[in-house]
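Asker: using only what follows, build the 3D model:
(2 chains)
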Amino acid sequence: MIDIKLYFAILIGKIISYTIKIFRGGATSAPGLYALKIDPLLIKKLSKQFKYGSILISGTNGKTTTSRITADILSSKYKIIHNRQGSNLIRGIASTLIQQSSFWGKINSNLGLWEIDEAVLPEAVYNLRPKFIALMNLFRDQLDRYGEIDHIREKWIKTIKSLKEDTQLVLNVDDPGISILAQYHKGKNIYFGINSKKINLPKILQVVDVKHCLMCGSSLIYSTFLSAHMGHYKCSKCNFKRKNPDFFAENPVFKTDFSTSFDLCNQSDHFQLNYSLPGLYNIYNVLGSIAIANILKINSQTIITKINNFTAAFGRFQKVRIKDKKIIIFLIKNPAGANEVIRTISIKKTINLLIILNDKIADGKDISWIWDTNWEMLSTKIKNIYLGGTRALDLAVRLKYSNINLSNKDIYKDINYSINNLISSLNNKDTLLILPTYTAMLEVQKALFNVDTKAKWHNQ
Amino acid sequence: MNTYGDNGNIITIVKRCQWRGIDVKISNVSIGQPLSASDFDFFFFGGGQDKTQIIVGKDLIQKAKKLIAAINNKAVLLSICGGYQLLQNYFKTKEGEIINGISLFDAYTAGSKERMIQDLLIEIDPELQNEIKNVYPAIEQSNCLTNLIGFENHSGKTYLGKNSKALGRVIKGAGNNNEDHTEGAVYKNAFGCYLHGSLLPKNSHFADYLISKALERRYGPIKLKPLDDSLEWKAHNWMVDRVRNQG
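Answerer: Numbers count the residues shown, from 1 in each chain, chains lettered A, B, ... in the order given. I've put the predicted structure just below:
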């Protein structure tokens, strides 16, 4: 059947996409945005042709990294289409589809892998009819954009209730706000989590977003807190409790070179993993990917090899060498994530730190989360510290109240200037850790590129 | 309740006391726990998600008598957003459900469809401004003590009753209801407002005012030792200027 509307939408999308490329723009949403105006059913129509259906990955933290690891593993067996450029809204999905499609709407992939913004999950489910949905966690994030996480969870519940039995959910059991979702699903649920009760990271004071049972409202009792409200819990009154995961981590070890190892277990087997991603949060990302890969019948040896060789996505955790200086970038964007980063870097003996706090729309205009973040933990470790970004002054006040001493010359709003200064003052054996918010991360990458165009990049 | 970076208020009170050699003890009062309100000089009541707010609201009714008695006995209280709403006469949800408050502030809040999310700049009530000026021990005299700056994020619209005084007048932002230019409420030493941010580290003059009021109740009028607040003022002034100059 000839679908003029669809062809025209694809054509317009492609024209916009080429035009942007000519002008070297980075926008990944414009082609999809305009194409959807012409044919709002574009995603539905194009995604139908995937033989193995679509996978959605969503959650406050870790969705980008989890999608990247999953894509890496699955590409050993499937022809994947993936919104890798990071635009995780509906229009981003449309853009990716248009890019990969022929003018006549033919896509040469058999499996869709989509990172989805938590607020648009319902719309994404409606459009993509996924076979698998992995839900990682829900933390307070940009409250200025989304309102409360309870609202997001309610939206998710409504969507999950509408799913057919043949959709499988992959759920993080350690987040009570995620594992509860299983109760609303008619189909199969696969669980992952961390079974260890102790981990070799310092304890950190954290703000907990889920304190009460989401079934009955009574308080939750935790035998283990792992990160924020994630851990081993049960309700003090009703029978809601953490389920036994199908895939779980035991004996995690976090190393000072920011690599990690843990024992990956399922009910019958276990393997050791050694990979170069830091922190507790990445264990969840790895576990989520493993669960998906397993359902899609990738063999264990391939999974292990792929994970052990994985390097992180675009600035979330990026190692760079510039003028013989080592630089490591950790993205920070909300208290749960930033607290885990702080915990992860605090295993170093001394720290050279540049923190950059922007308050543009993509960062969140509200910066009060810096007061829910445990900077105190770094106060005895800091050798050099510099601050930057539009809200550098607010950050400076925060650090002053965390017993971290600063002088005026440590605070520059201009990122280029602070980076240049820092690189020239750094000893060759020191490592500089940069903690930027999202838009600051983009600026950091530009600034580093300006310092050294030969900088080694894992670009995209 | 504290869902929203309001922790900074506690950190600020504690630090500014410690820097002056004043000992501070903090207790977390949870649901179901009895409140011996007379033991405390300062209460902080933050915001929460709607569900938490309903659970906490029910519990607060049990504690109301003692809390109000403490406030009438000059204890200091700072409440923000959800906490502020629960201390009013009632909260009427969008669906028309009424959640009773404890009427510390003569005011009520009605849920609305409008979400007020932005920087919020207010001019403090003139009488209160004078009191703050008398108490805040500035090293530099040049700082302007008349404003409070923060970030608001609420959909409830608060309307003050006849017996209520506002904390201040809105310069930029919505404040209580985006209609009458009022922000917050004051009753004796109890304050309610929509200023997240966190409020106190962004407004050190107000932090010191609350500290001095809390001490005064136990020790009579006191003079606070001045602190070097140049960094706090730099951040405050930068933000005030930016918000003022926004369209």
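Asker: just give me the residue closest to the centre of chain A.
Answerer: Chain A has residue A:62 as the residue nearest its centroid, 2.3 Å off, counting by CA atoms, centre = their mean.
Asker: would you check that that one makes contact with residue A:279?
Answerer: No - Residue A:62 lies out of contact with residue A:279 (CB atoms under 8 Å); the separation is 10.1 Å. Yep, even glycine has a C-beta here, placed from its N, CA and C like the rest.
Asker: next, residue B:228: phi, psi?
Answerer: phi -80, psi 100 (degrees, to the nearest 10).
Asker: can you check the one 3 residues further on too?
Answerer: As for residue B:231, its main-chain torsions (degrees, to the nearest 10) stand at phi -70, psi -40.
Asker: could you list the low-pLDDT ranges of chain B?
Answerer: For chain B, applying pLDDT under 70 flags the ranges B:1-5, B:247.
Asker: right, and the helix or strand after the helix or strand bottoming out on mean pLDDT in chain A?
Answerer: Confidence across the helices and strands of chain A bottoms out at helix A:143-146, with a mean of 58, counting by mean pLDDT, DSSP states H and E. With elements assigned by DSSP states H and E, the helix or strand that comes after helix A:143-146 is helix A:149-161.
Asker: chain A contacts on chain B?
Answerer: B:2-8, B:11-12, B:15, B:31, B:49-52, B:55, B:115, B:117-119, B:151, B:153, B:155, B:196-198, B:201-202, B:231-232, B:234-235, B:238-239 (CB under 8 Å from any CB of the partner chain).
Asker: recalculate using a threshold of 7 Å.
Answerer: B:3-5, B:7-8, B:11-12, B:15, B:49-51, B:55, B:115, B:117, B:151, B:153, B:196-198, B:201, B:231-232, B:234-235, B:238 (CB under 7 Å from any CB of the partner chain).
Asker: tell me which of the residues you listed fall in strands.
Answerer: The strands, defined by DSSP state E, take in B:115, B:117, B:151, B:153 from the residues of chain B next to chain A.
Asker: part of a helix, is residue A:348?
Answerer: No - counting by DSSP: H, G, I helix; E, B strand; the rest coil, residue A:348 falls outside a helix, being coil.
Asker: what about it, how many neighbours?
Answerer: 16 (other CB atoms under 10 Å in any protein chain shown).
Asker: and it, its phi and psi?
Answerer: phi -80, psi 150.
Asker: what sits closest to it if chain neighbours are left out?
Answerer: Distances taken as CB to CB, 6 or more residues apart in numbering or on different chains place residue A:256 nearest to residue A:348, at 6.0 Å, with adjacent residues excluded.
Asker: hang on, the one you found packs against residue A:345?
Answerer: No - the criterion here is CB atoms under 7 Å, and residue A:256 misses it with residue A:345 at 9.8 Å.
Asker: quick check: longest helix of chain B.
Answerer: helix B:50-72 (DSSP state H).
Asker: among the ones in strands among the residues of chain B next to chain A, who's most crowded?
Answerer: residue B:151 (27 neighbours).
Asker: quick revisit: of the residues of chain B next to chain A, keep whichever come out buried.
Answerer: Buried residues within these, defined by neighbour count using 16 or more other CB atoms under 10 Å in any protein chain shown: B:3-5, B:7-8, B:11-12, B:15, B:49-50, B:55, B:117, B:151, B:153, B:196-198, B:201, B:231-232, B:234-235, B:238.
Asker: average pLDDT across stretch A:213-222?
Answerer: Confidence over stretch A:213-222 (mean pLDDT, whole number) is 90.
Asker: can you give me the buried ones in that stretch?
Answerer: A:213-214, A:220, A:222.
Asker: which element is residue 177 on?
Answerer: No chain specified, so I'll use chain A. helix A:176-179.
Asker: does anything pack onto that helix? Which helices or strands?
Answerer: strand A:168-172 (3 or more CB pairs under 7 Å, 6 or more residues apart in numbering or on different chains; DSSP states H and E).
Asker: for residue 120, helix, strand, or coil?
Answerer: No chain specified, so I'll use chain A. Under three-state DSSP, residue A:120 falls in the helix class.
Asker: just checking, it touches residue A:91?
Answerer: No - judged on CB under 7 Å, residue A:120 makes no contact with residue A:91 at a distance of 9.6 Å.
Asker: give me the angle between the host helix or strand of residue A:285 and strand A:168-172.
Answerer: Assigned by DSSP H and E, residue A:285 belongs to helix A:279-295. Counting by axes from the mean of the first three to the mean of the last three CA atoms, to 10 degrees, helix A:279-295 lies at 160 degrees to strand A:168-172.
Asker: I'd like the average pLDDT over helix A:279-295.
Answerer: 96.
Asker: what about the next helix or strand after it, average pLDDT?
Answerer: The helix or strand immediately downstream of helix A:279-295 is helix A:300-308, counting by DSSP H and E. For helix A:300-308, the mean per-residue pLDDT is 95.
Asker: then stretch A:367-387?
Answerer: Mean per-residue pLDDT for stretch A:367-387: 92.
Asker: do it and chain B meet?
Answerer: Yes - counting by CB under 7 Å from any CB, contacts between stretch A:367-387 and chain B involve A:368-369, A:371-372.
Asker: quick check: buried residues in that stretch?
Answerer: The neighbour-count check on stretch A:367-387 (16+ other CB under 10 Å) flags A:367-378, A:382, A:384-387 as buried.
Asker: so residue B:154 versus residue B:102, what's the distance?
Answerer: Distance, residue B:154 to residue B:102, using CB to CB, to the nearest Å: 19 Å.
Asker: where along the stretch 51-200 of chain A do the helices fall?
Answerer: A:63-74, A:90-100, A:121-128, A:143-146, A:149-161, A:176-179 (DSSP state H, counting those that start in this stretch).
Asker: scratch that, chain B is what I was asking about
Answerer: B:7-18, B:50-72, B:82-86, B:126-135, B:199-202, B:204-219, B:230-245.
Asker: which ones are touching the one residue sitting closest to the centre of chain B?
Answerer: By CA atoms, centre = their mean, chain B has its centre lying nearest to residue B:78, at 3.8 Å. The contact partners of residue B:78, taken as CB atoms under 7 Å, 6 or more residues apart in numbering or on different chains, are B:9, B:44, B:191, B:210.
Asker: how many other residues sit next to residue 160?
Answerer: If you meant another chain, say so; for now it's chain A. 22.
Asker: that's the other chain; I wanted chain B
Answerer: Neighbours of residue B:160 using other CB under 10 Å come to 20.
Asker: could I get the contacting residues of it?
Answerer: B:107, B:166, B:176, B:182, B:185.
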